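Chemist: Next come a sequence and a model predicted from it.
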Protein chains: 2
Amino acid sequence: MDALDLDRQLCFALYSASRAMTASYKDLLAELGITYPQYLVMLVLWEEASAPEGVTVKHLGERLQLDSGTLSPLLSRLESLGYVTRHRSAEDSRSVFIRPTAEGAAAKERAECVPVRIGERTQLDPASMPELLETLRTLTRNLRAEPAPVEPPGPLPHH
Amino acid sequence: MDALDLDRQLCFALYSASRAMTASYKDLLAELGITYPQYLVMLVLWEEASAPEGVTVKHLGERLQLDSGTLSPLLSRLESLGYVTRHRSAEDSRSVFIRPTAEGAAAKERAECVPVRIGERTQLDPASMPELLETLRTLTRNLRAEPAPVEPPGPLPHH
DNA sequence: ATCTAAATGGTTGCACACAATTCAATTGTG
DNA sequence: CACAATTGAATTGTGTGCAACCATTTAGAT
């Protein structure tokens, strides 16, 4: 009966589930030649295909909560694979627009079956999915909120 | 209404929540000078402190579902930090035993408050915790199970 | 005793994550 | 206009994750 027991930690249950999920995508995404984080980038690009210019690196970072240190090399790998192109904005040359190539856009069809396969593997009751999604999103939101500082309890923070 | 929408993916909700959780541990673990995966290793060592020899790298890998390619460098860093010692087994010199040092064992006290702080930050109803834990564990177990092969439906595999 | 297959831990290589820094471009201010 | 502050991306450095490969050791079969 110890509060530090590994199997009692929510963090470890999340960490294990997340790694098992990523591992489960591996063989499905191998057919597309991409990794799981690369797949997440393609999901955003497919979803926002209406933007003719593409989306900026900053926008991808906001959607996926990843910074440029992760996205820059990841995007250059997607570029070498022929899935995306990158070009600097004409209006603001600090911004880089990412757009799927024809091949990258076409890969969407081949990816349609991926969530279905994963859904089968989870063996979860589809009816329980919305609640689980909502719980995870609430948890993420709460954890990202400004945590109370560790050292000083501090005299009444403003909020 | 697209099955590939990012915000509809359980995988992304899990991935985000897991990263937010790890990030939330960062400032708490900084006081111990360790990272989150290093903390997980220490949890196992504290939990199994009754074993005088310590536990093997193989055992750590089974508890955490991590392989030696991850654990070897991680344990070297814990050793440099003075938290653990490593020595080969006398009976089977292929095995390496990991044991907390006095400092590593003492750090348990300083870690006691960590799960409490995290629990506060999650803002989750404590009553809903067991169900969430069980859902995540079931999900992990299902995803780790032998997935049906992608390409060949195959003519009746033996089992 | 010897040969071999399996087990074990290490090493290497690649791909994230993320903090910190750098750099160029832009914006806000007077 | 000058110029400080901000912004967006890239770069660098550290630390995981994980697959593939390697060396050592053990156990089992002959």
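Modeler: Great, that's in hand. If you're wondering where the values come from, they're calculated on a predicted model, not measured in any experiment.

Chemist: can you list contacts of the lengthiest helix in chain A?
Modeler: Ranked by residue count under DSSP state H, the longest helix found in chain A is helix A:10-30. Contacts to helix A:10-30, defined as C-beta atoms under 8 Å, 6 or more residues apart in numbering or on different chains, come from residues A:6, A:35-36, A:38-39, A:113-114, A:117-118, A:121, B:10-11, B:14-15, B:17-18, B:21-22, B:25, B:36, B:40, B:43, B:65, B:118, B:122, B:124, B:129, B:132-133, B:136-137, B:139-140, B:143-144, B:147, B:150. In short, each C-beta sits where N, CA and C put it, glycine included.

Chemist: Also within reach of DNA strand C: list those from the residues you listed.
Modeler: Contacts with DNA strand C are made by A:35, A:36, A:38, B:15, B:22 out of those, judged by C-beta under 7 Å from any atom of the strand.

Chemist: For the first one, which phi and psi angles does the backbone take?
Modeler: It refers to residue A:35. phi -90, psi 170 (degrees, to the nearest 10).

Chemist: How about the residues of chain A by DNA strand D?
Modeler: A:19, A:22-23, A:26, A:56-58, A:61, A:67-69, A:71-73, A:75, A:86, A:92, A:94-96.

Chemist: Of the residues you listed, which count as buried by neighbour count?
Modeler: Among those, those classed as buried by 16 or more other C-beta atoms under 10 Å in any protein chain shown are A:19, A:22, A:56, A:57, A:71, A:75, A:96.

Chemist: Return the subset of these lying in helices.
Modeler: Using DSSP H, those in helices are A:19, A:22, A:57, A:71, A:75.

Chemist: of all those residues, which two lie farthest apart?
Modeler: A:19 and A:57 (26.2 Å; C-beta to C-beta).

Chemist: wait, residue A:103 sits on residue A:82?
Modeler: Yes: Residue A:103 lies in contact with residue A:82 (C-beta atoms under 8 Å); the separation is 5.3 Å.

Chemist: list residues touching both of those two?
Modeler: By C-beta under 8 Å, 6+ apart, no residue touches both residue A:103 and residue A:82.

Chemist: quick one on the thing from earlier: in the longest helix of chain A, what counts as buried?
Modeler: A:10-22, A:24-25, A:28-29.

Chemist: for stretch A:42-59, same thing?
Modeler: If you call a residue buried by 16+ other C-beta under 10 Å, then stretch A:42-59 has these buried ones: A:42, A:43, A:44, A:45, A:46, A:47, A:54, A:55, A:56, A:57, A:59.
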